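Student: I'll drop the sequence and a predicted model, then ask my questions.
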Amino acid sequence: MNRNVETLAPWLFTIAIFVVWELICRLFNVSSIILPAPSEIFQAAIRFWGPLMRNSWVTLWTTLAGFLMAVAFGLLLGLFVGWSRTIYRGLYPVMIGFNSIPKVAVVPILVMWFGIGEIPAILTAFLISFFPIVVNVATGLATIEPELEDVLRALGASKLDVMRKVGIPRAMPYFFGSLKVAITLAFVGAVVSETIAANAGLGHLMTQAGSNFQMPLVFAGLLALAVLGIGMYAITAWIEGRMTGWAFRSQQSAGG
Amino acid sequence: MIELDNVSLAYAGRTGPVLALEGADIKVAKGEFAAVVGPSGCGKSTLMKLVSGLVKPTKGVVKVNGYQVNGPVKLAGMAFQNSNLLPWRTVIENLMLPLEIVEPYRSNFRSKKDEYRAKGEKLLDTVGLTGFGDRFPWELSGGMQQRASLCRSLIHEPALLMLDEPFAALDAFTREELWCVMRDVWERLRFTVVLVTHDLREAAFLADTIHIMSARPGRIIESRTVDFARPRDLDVCYSSPFTDLVHTLRNKIAEVRQA
């Protein structure tokens, strides 16, 4: 009984939020230009189902393309940065500096270079999402227990041996953990870029709908974004659990 | 086997060089069980790193097996207070880690994997971990993890075993149990051991010689031989010569802590 309530709880809460929202809109007679009621949003979603799907697809694949680039690049750079303390120290400030640039500011430059379309969106998704991967992988490598490293070095292990046997497996939970953050950021990057300059994608659809005062469609776009975001997060979280279950289990039993 | 001749080690601290070890002289014969005791922070662990070649002395000479130590000695097994087992490997895979690194095992690791596995299982038997090879480290209690860690440090049949407070994190009963495990393994294989500890009873029960270190900068202020007959039984810990020895050691350490 209790378990059932627990598994149903997310759905119940989601439905409750929509119900409260609907009630507020009706009770206070809120104009649909300001805040459309959920019923209007769902109607709009059904009416514009085709365009919504088409644009969701564009946003999805640009996000994933940027994300995959970030994974490949982030993994390589993370291994490089985590390899030695000197590289770690030297590159860290540079990366912090790069990461603190709001990526919105970079979009116009990308548009200048590559024109309006999917490429700026992919690149924005990539630029915004590789950073957490690099930091996590590098941290995983850089925090090998010194005693364990002593054990291996006393056996005559080379730096490469230590990395292969301990560093890389040890960094994997950090890596897969960072994927959840990275996919969400990549999504933000792609949508931001679409909102500024694109011919397709949910960001583009919402700006268009907004300038036509089709607020229910704008909100339907938001809803589609939320669904996509949750889906991608759930998939990366699942991969994380599959690949590095030992990290969770070993923490659980650390006390006993 | 091990020879430290007037060895000093200083490392760069925040406010200038810190002297961790000063003019240490130690000799450990082949097959001897040596213990190093001293107040905390006296450079006991530094001593271990010097012998295994992980750090170089600023003064003096460290010799192992007659050769001056210039880099990692490649023949030492090590175990620490934390078992440091890899959580993504099963116990038996953890045991085989040194074999993946040390020659001659390394070159034929793939072809002889089964043989090495059997070897690991046999070692597990001797420390009372029969049948735990396929478990993961986190499924084991602290004492069992420490047993596995001991096995890992012994699997490549090292001529030299370095132990840095390996039983310090265990409860009193488990600790005594592991003393006996250690005693039995050593009686059987007779490798050279350097045991760093602050447990005087542990040192007195296990070791042939006990070296007492002073507070930082560490110096060896006394070396004494322990001549209780071997193999020793735990009961020896309650005999009066044993208690006297521990008492003397205790006073000696209290003295150097004062100074």
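Tutor: That came through fine.
Student: and for A:V218, the neighbour number?
Tutor: Counted with other Cβ atoms under 10 Å in any protein chain shown, residues neighbouring A:V218 total 21. No exception for glycine: its C-beta is placed from N, CA and C like everyone else's.
Student: help me confirm that it comes into contact with A:M206.
Tutor: Yes - counting by Cβ atoms under 8 Å, A:M206 is a contact partner of A:V218 at 5.1 Å.
Student: mutual contacts of the two, please.
Tutor: Here A:V218 and A:M206 share no contacting residue, scored by Cβ atoms under 8 Å, 6 or more residues apart in numbering or on different chains.
Student: list the contacts for B:F205?
Tutor: With contact taken as Cβ under 8 Å, 6+ apart, B:F205 is in contact with B:W179, B:R183, B:R232, B:L234, B:V236, B:C237, B:F242.
Student: rerun at 10 Å
Tutor: Residues counted as contacts of B:F205 (Cβ atoms under 10 Å, 6 or more residues apart in numbering or on different chains) are B:35, B:176, B:179-180, B:182-183, B:199, B:226, B:228, B:232-234, B:236-237, B:242, B:246.
Student: again, but for B:R117
Tutor: Residues near B:R117 by Cβ under 10 Å, 6+ apart: B:I92, B:E93, B:L95, B:M96, B:L99, B:G133.
Student: show me where pLDDT drops low in the stretch 151-259 of chain B?
Tutor: Where the stretch 151-259 of chain B drops to pLDDT under 70, the residues are B:259.
Student: can you give me the helices for the chain?
Tutor: If you meant another chain, say so; for now it's chain A. A:2-27, A:38-47, A:49-83, A:85-100, A:107-114, A:118-142, A:146-154, A:159-162, A:168-196, A:202-211, A:215-243, A:245-252 (DSSP state H).
Student: hmm, I had chain B in mind actually
Tutor: Ranges of helices within chain B are B:44-51, B:91-95, B:113-126, B:142-154, B:172-189, B:200-206, B:240-258, based on DSSP H.
Student: buried subset of the contacts of B:F205?
Tutor: Taking 16 or more other Cβ atoms under 10 Å in any protein chain shown as the criterion, what is buried in those is B:35, B:176, B:179-180, B:182-183, B:199, B:226, B:228, B:232, B:237, B:242, B:246.
Student: count the neighbours of B:H247 for me.
Tutor: By the measure other Cβ under 10 Å, the count of residues near B:H247 is 12.
Student: check contacts around the spatially most central residue of chain A.
Tutor: Residue closest to the mean C-alpha point of chain A, counted by Cα atoms, centre = their mean, is A:T184 at 1.7 Å. Listed by Cβ under 10 Å, 6+ apart, the contact set of A:T184 reads A:T63, A:F67, A:I128, A:S129, A:P132, A:G229, A:I230, A:M232, A:Y233, A:T236.
Student: which of the residues you listed lies closest to chain B?
Tutor: When the contacts of A:T184 are compared for distance to chain B (Cβ to the nearest Cβ), A:T236 comes out closest, at 19.9 Å.
Student: so how far is A:P51 from B:V69?
Tutor: Here B:V69 is placed at a distance of 74 Å from A:P51 (Cβ to Cβ, to the nearest Å).
Student: burial of residue 7, as a residue count?
Tutor: Went with chain A since none was named. Per other Cβ under 10 Å, the neighbour tally for A:T7 reads 8.
Student: that's the wrong chain, I meant chain B
Tutor: If you count neighbours by other Cβ under 10 Å, B:V7 ends up with 24.
Student: against B:M1, how distant is A:K180?
Tutor: As judged by Cβ to Cβ, A:K180 and B:M1 stand 53 Å apart.
Student: contacts only, for the spatially closest residue to A:M172 that is not a sequence neighbour.
Tutor: Excluding the flanking residues, the one nearest A:M172 by Cβ to Cβ, 6 or more residues apart in numbering or on different chains is A:T244, at 5.3 Å. Residues near A:T244 by Cβ under 10 Å, 6+ apart: A:P169, A:M172, A:P173, A:Y174, A:F175, A:F176, A:G177, B:P87, B:W88.
Student: wait, doesn't the first one sit right on A:F176?
Tutor: No - under the criterion of Cβ atoms under 10 Å, A:P169 makes no contact with A:F176, lying 11.9 Å away.
Student: so which of these two has more stuff around it?
Tutor: A:F176 (20 against 17).
Student: what about B:V69 and A:P51, which has more around it?
Tutor: B:V69 (22 against 17).
Student: report pLDDT for that one.
Tutor: B:V69 is assigned 85 on the pLDDT scale.
Student: these two touch, right, it and B:D5?
Tutor: No - between B:V69 and B:D5 there is no contact under Cβ under 10 Å: 11.6 Å.
Student: any shared contact partners between these two?
Tutor: Residues touching both B:V69 and B:D5 (Cβ under 10 Å, 6+ apart) are B:P57, B:V61, B:V62, B:K63.
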